[in-house]
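*Asks:* Following is a predicted model, sequence given first.
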Amino acid sequence: MSRCCTNRASKVFGGRQARRDARRYRRKGLDGTGRRLVDEIAARGVEGSSVLEVGGGVGAVEIELLRAGASYATNVELSDGYEEEAARLLADWSLEPRVDRRLGDFVESAPGMERADVVVLHRVVCCYPDEEALVGAASDRAGRLLALSFPRDRWFMRLGLPVMNFFGRLLFDFEMYLRPAAAVLAPAEGRGMRVVGEHDGFVWRLAVLER
């Protein structure tokens, strides 16, 4: 699956998107959803923790967690389009030695990776075709906390998604997935994790689970 997914991701999440994300982060910091996600994690303690983020893009969430006290971060990203801007952001904060950025399909590479204290899936579940495999692999690698954000299963999302996916498949061979919260969280809960924090925004739902 990795080559197929990598090609699709690079079409949608390429250099242009990376430059836009990096520019926004430099000017305004994290958006509301990202800020709340980091705050929910930090409230449970990140001092000295290792962080693993799947699909972290330019790495803004990792940077904020490192600034909050985490010791080290690993990012596994499908698209290579983010790497140049991510490197520049790390240089801005002199954090290059504390972040390991890897390319590939996390589900395939996860069995060979070490556990991290905190695992983050920020706006990633909706872009991956198999939520059971993705959330399950993330849960297996989470030593203490798993934090996720994903779209809420609301009527207007169900109404608009087919239109978005029609053009996504036509232009980029890419589609998004809308799932009930119970289905997203079930792989983690089935592995002994329990929800300790939740928040519903207008579009995005946050959940933090603890082992």
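*Replies:* Thanks, I have it.
*Asks:* hey, let's count contacts and neighbours off CA atoms from now on
*Replies:* Fine.
*Asks:* residues contacting Pro151?
*Replies:* With contacts defined as CA atoms under 8 Å, 6 or more residues apart in numbering, the neighbours of Pro151 are Arg123, Cys126, Leu178, Arg179, Val203, Trp204, Arg205.
*Asks:* Buried only: go through the residues you listed for me.
*Replies:* Burial by neighbour count, judged by 16 or more other CA atoms under 10 Å, picks out Arg123, Cys126, Leu178, Arg179, Arg205 from those.
*Asks:* For the fourth one, which non-adjacent residue is spatially closest?
*Replies:* This points to Arg179. Taking CA to CA, 6 or more residues apart in numbering, and ignoring the residues beside it in sequence, Arg179 has Asp153 as its nearest neighbour in space, at 6.2 Å.
*Asks:* need the next SSE after the helix or strand where Arg24 lies, C-terminal direction.
*Replies:* Arg24 is located in helix 15-28, with elements delineated by DSSP states H and E. Tracing the chain C-terminally past helix 15-28 and defining elements by DSSP H and E, one meets helix 32-42 next.
*Asks:* ok, back up a step: output the contacts of Pro151 as JSON lines; include the columns secondary structure, distance to Arg115 and pLDDT.
*Replies:* Rendered in JSON lines, the data for the contacts of Pro151 read as follows (DSSP: H, G, I helix; E, B strand; the rest coil; distance: CA to CA, whole Å; pLDDT from 0 to 100):
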{"residue": "Arg123", "secondary structure": "coil", "distance to Arg115": "21", "pLDDT": "94"}
{"residue": "Cys126", "secondary structure": "helix", "distance to Arg115": "23", "pLDDT": "89"}
{"residue": "Leu178", "secondary structure": "coil", "distance to Arg115": "28", "pLDDT": "84"}
{"residue": "Arg179", "secondary structure": "coil", "distance to Arg115": "26", "pLDDT": "88"}
{"residue": "Val203", "secondary structure": "coil", "distance to Arg115": "30", "pLDDT": "91"}
{"residue": "Trp204", "secondary structure": "strand", "distance to Arg115": "27", "pLDDT": "94"}
{"residue": "Arg205", "secondary structure": "strand", "distance to Arg115": "25", "pLDDT": "95"}
